[in-house]
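Participant: Based on what follows, work out the 3D shape:
(chains A and B)
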Amino acid sequence: MKAFAELFDRLDRTTATNAKLAALVDYFRSVEPADAAWAVNFLTGKRLKRLVNTRELREWTALATGLPAWLIEDSYEQVGDLAETMHLLLPPGSGRASALGLAGLVENRITPLRDLDDEARRDAVMRLWQELDGSERFLFNKLLTGGFRVGVSKRLVTRALAEVAGVDSTLIAHRLMGRWQPTARAFQALIAPASEDDLDTATPYPFFLASPLEEGPGSLGDPADWQAEWKWDGIRAQLIRRGGQTWIWSRGEELMEGRFPEIEAAAEALPDGVVLDGEILAWRDDRPLPFAVLQKRIGRKKPGAATLAKAPVAFLAYDCLEWNGQDARETPLFQRLQHLDQALAAAAGLLRSAAVDFQRWTELDTCREGSRERGVEGLMLKRLSSPYRVGRTRGDWWKWKVEPFTFDGVLIYAQPGHGRRSGLFTDYTFAVHAGDELVPVAKAYSGLTQDEIDRLDRWIRNHTRERFGPVRSVDPVHVFELAFEGIQSSPRHKSGIALRFPRIHRWREDLSVGDADRLEDLKRLLDTRQRQ
Amino acid sequence: MLRPDAGGLYCAAGDFWIDPLKPVPRAVITHAHADHARSGAGEYFTAREGLPVLAHRVGDGGDFNAVDYGQPFELGETRVTLFPAGHILGSATVRVESEHGTWGVSGDFKRAPDPTCALFQPFDCDVWMTECTFGLPVYRWPATEQVVGEVLDWWQDCIDAGRPAVLFCYALGKAQRLLAELADRAPRPIWLHGAMQPLTECYREQGILMADTQTVSEAGKGYKFSGDLVLAPPSAAGSPWMRRFPRHSSGFVSGWMRIRGNRRRRGYDRGFVMSDHADWPDLIRTVTDMQAERVITIHGSGEALAGYLREQGIAAESWNLRATLSRSEPA
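Facilitator: Have a look, this model is predicted:
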């Protein structure tokens, strides 16, 4: 645990990428493979299954410190991170368990908590609180409460591993996909030299992600070099057909076995050794259904007949990453699209995300403006000569989204943020007028500059009306322009509507409360959308 | 006996204000930090050791009265005594005695030893008005010696890497405390931001022993500050002035650095937990030491401390002096 805590401290104490890379390389080279495997697991954002709930942790903290529960809550509100709050409140530890490796801690002291009764689990956790100190205890708490962020991206971890292994980082990224498990053996395989068949047949390729196109496509050069497609509002997915078996992976690297039986059935007709990239959408009569319909399917592990009928889905393929069992990612897009056509010719149940025809960039403006009517988010622009890259590499794939909806809302509640924004009021609730009332319609966390956040934080502290736990109601004075992507009716909300991806566009200090929008204005949007 | 007014506390029996933020005829000043001492008062009373710094901060406009610690003086119908607060050089807590009883009023204070100022001295009172800047149990300070060791280790790492080490800290108090802690341990002279130089000079003139310093503006053009320690106020972070220190590592010395999010939000590489305020255990210990029947928390998040004290059977309440300031004009 000591080595991992030192790695954490090194990463946490610098913002320089090269210093972080060096820290990771040093760590991976010096520790046992089993420890390194767990470090990879946590640094790439994977979490342990929750073995202790936060209510218990709060109770045990109260027990260990003798502090009343409300004071622990007040402290948490200020710190903004439960794991850190507990660590700061607990009396200093002995550091005796420091010699335990990361794998030893996870496998011998944390995972076994699952099989203990409540009392034994409490004693085991409280013993570790006594035996660990400093960053080690903080990290232990982080592992208990979920994952942690230390300012390293998965990409940076991949680069460090590539340096340790002496192989290309795209290979590391590929090896980390799918069903990778944190074991000593898996770590050794991860940093092994390149070989022909070191991958499990179910392993997906790393996804290539588009970057947002801020201004129009005029700067992209000759339109003939580009393909335009609709940007679908569904779930990005990779469909693998190998050795007579089918796997569907989400972009979050979740295996979606059994969730979309109609797609799995359609994929059986694909030739063997084919991997397709595309989008899962709720789909009926040649057009997408609203995302809300797809949401009914996302949580269902084994959808029943009624669900299948009410929310039918389709796979819209737009790329072919493997053809005839060969990795096709280095071949240019226009060739991959030919493979895609060949593959889909055999599998009629899978759909092709067709290209949008255009000669001049100006024609695309009109297409993009019609996005909402089509139920799409905008356009994708892909360079026809480009390979299929890894991650968010800029230059070849652009997403050109339609302008969001906007409205002016009044700040009515505020709550402290977490992590980097701990102790600052950064989680806001906004309302619009409904008769004589202000009705909350959206919560938003992002979109203000640090200066604006600081200023608003001070204002909130001085204009609090009431407190409800960590939430404060404030004088309805400030108006903000908020952007959002979609709207749907929702009986669960007082306003009767739910907005998708609301975020703050700007602080409208030129507007007063009376200038804010009315609920009817938002509901009108709902009507137009439902008519379609 | 005391009530919030003019952003400070007004004592009608003595017709004076403690730490007013608006111009008043007569002010008792606990220490020279800007949230306690402002210019424009007719008459100032402050601890003798604090006078040079206070005069530097508020200008020569007022009528200054230097008072010795522990020596009572009369103001109106009250007897006022200043005691060392251990916060910065010349900082004081105020004891006000009258027929209404004895009140103790803190400006800011700490209990840890500090080579630049006299150690906090408790006294008995009926009502103790305590600052509460760090009034939550998460605030618990490590030993000064340990933190000074961390600063020196970090400086050594920067020397090894040939990078400037820029350490942010408050210009009055913290900077001089650090310089005093480093007096015989600094491997080379320490550079000061211009805003710190005159205050540090004030301290030296009063015989405080500190590490050797130079002002950044005296450095030659093109000088790289490799491996040098530079002290700067937090306001300098992110300013064009910072361009003088390419590839620097940054640190901040403050009690707020106890919380990781505070450091990350401001983008400091290192946070060093050293405060001139009492931590939670010392706030509680001081309540006990003052033997007060009633406690009022002021300056900071006082609700939690007051609530905790009430659960321990002590009459405690929280006053928000700043809110009073925004509502009222001076009496």
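
Participant: so which residue of chain B comes closest to chain A?
Facilitator: B:G261 (3.4 Å; Cβ to the nearest Cβ). Where you see a C-beta, it was placed from the backbone N, CA and C, and this is true even at glycine.

Participant: Quick check on that residue: phi, psi?
Facilitator: Note on B:G261: its backbone torsions stand at phi -60, psi -30 [degrees, to the nearest 10].

Participant: Tell me, how many residues neighbour the nearest residue to it once chain neighbours are set aside?
Facilitator: Nearest non-adjacent residue to B:G261, counting by Cβ to Cβ, 6 or more residues apart in numbering or on different chains: A:S422, 3.4 Å away. Neighbourhood size, A:S422 [other Cβ atoms under 10 Å in any protein chain shown]: 23.

Participant: separation between A:S422 and A:G134?
Facilitator: Applying Cβ to Cβ, to the nearest Å, the value for A:S422 to A:G134 is 19 Å.

Participant: swap in A:L51?
Facilitator: 23 Å.

Participant: What is the burial count for A:Q359?
Facilitator: Neighbours of A:Q359 under the rule other Cβ under 10 Å: 9.

Participant: what sits against it?
Facilitator: A:P223 (Cβ atoms under 8 Å, 6 or more residues apart in numbering or on different chains).

Participant: Could you report the pLDDT at it?
Facilitator: pLDDT recorded at A:Q359 is 93.

Participant: The one 3 residues further on now?
Facilitator: In the prediction, the pLDDT value recorded for A:T362 is 91.

Participant: Which stretches in the stretch 1-150 of chain B count as strands?
Facilitator: B:2-5, B:8-11, B:16-18, B:26-28, B:43-47, B:63-67, B:73-75, B:78-84, B:92-98, B:101-106, B:127-132 (DSSP state E, counting those that start in this stretch).

Participant: that older thread, surely the residue of chain B closest to chain A is in contact with A:V79?
Facilitator: Yes: counting by Cβ atoms under 8 Å, B:G261 touches A:V79, with 7.1 Å between them.

Participant: the more surrounded of the two?
Facilitator: Neighbours were tallied for B:G261 and for A:V79 using other Cβ under 10 Å; the higher tally belongs to A:V79 (26 against 22).

Participant: Correct me if wrong: the more buried one contacts A:M86.
Facilitator: No: counting by Cβ under 8 Å, A:V79 does not reach A:M86; the two are 9.3 Å apart.

Participant: Below-threshold pLDDT in the chain: ranges please.
Facilitator: Going with chain A. Low-confidence segments of chain A (pLDDT under 70): A:197-198, A:527-532.

Participant: Sorry, I should have been clearer: chain B.
Facilitator: In chain B the weaker segments, taking pLDDT under 70 as the threshold, are B:7, B:322-331.

Participant: can you list the domain ranges for the chain.
Facilitator: Since you didn't name a chain, this refers to chain A. With automatic domain parsing serving as the domain definition, the record reports that chain A contains domains spanning A:220-401, A:405-531.

Participant: ah, no, chain B please
Facilitator: According to automatic domain parsing, the domains of chain B span B:2-138+B:277-327, B:144-272.

Participant: In CSV, list those domains along with distance to A:A192.
Facilitator: Putting the domains of chain B into CSV (distance: least, Cβ to Cβ, whole Å) gives the following:
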stretch, distance to A:A192
domain B:2-138+B:277-327, 45
domain B:144-272, 34
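
Participant: So which of those is nearest A:A189?
Facilitator: A:A189 lies closest to domain B:144-272 among these, at 34.5 Å (Cβ to Cβ).

Participant: so B:S39 sits right up against B:G62, yeah?
Facilitator: Yes: B:S39 lies in contact with B:G62 (Cβ under 8 Å); the separation is 7.2 Å.

Participant: more neighbours, these two?
Facilitator: A direct count of neighbours by other Cβ under 10 Å for B:S39 and B:G62 places B:G62 higher, at 19 against 12.

Participant: tell me the contacts of A:R503?
Facilitator: A:444-447, A:482-484.

Participant: which residues does it bridge with?
Facilitator: Following DSSP bridges, A:R503 is listed with bridge partners A:A483.

Participant: Please report how far it lies from chain B.
Facilitator: 19 Å (Cβ to the nearest Cβ, to the nearest Å).

Participant: Next: A:Q335.
Facilitator: 46 Å.

Participant: can you check A:T65 too?
Facilitator: The value you get for A:T65 to chain B, if Cβ to the nearest Cβ is used, is 7 Å.

Participant: A:G395: neighbouring residues, count only.
Facilitator: 10.

Participant: Help me confirm that it is found in a helix?
Facilitator: No: counting by DSSP: H, G, I helix; E, B strand; the rest coil, one finds A:G395 to be coil, located in no helix.

Participant: Got the phi and psi for it?
Facilitator: Torsion angles, degrees, to the nearest 10, at A:G395: phi 120, psi -40.

Participant: Ok, A:R467 next?
Facilitator: According to degrees, to the nearest 10, A:R467 has phi -120, psi 140.

Participant: Give me the neighbour count for the residue nearest to it when sequence neighbours are not counted.
Facilitator: What sits nearest to A:R467 in space, not counting adjacent residues and going by Cβ to Cβ, 6+ apart, is A:S473, at 7.9 Å. Using other Cβ under 10 Å, A:S473 is surrounded by 17 other residues.

Participant: Please name the strands paired to the host helix or strand of A:S473 in the sheet, noting orientation.
Facilitator: For A:S473, the host element (DSSP states H and E) is strand A:471-474. Here strand A:471-474 is paired, per DSSP bridges, with strand A:405-416 (antiparallel), strand A:464-468 (antiparallel).
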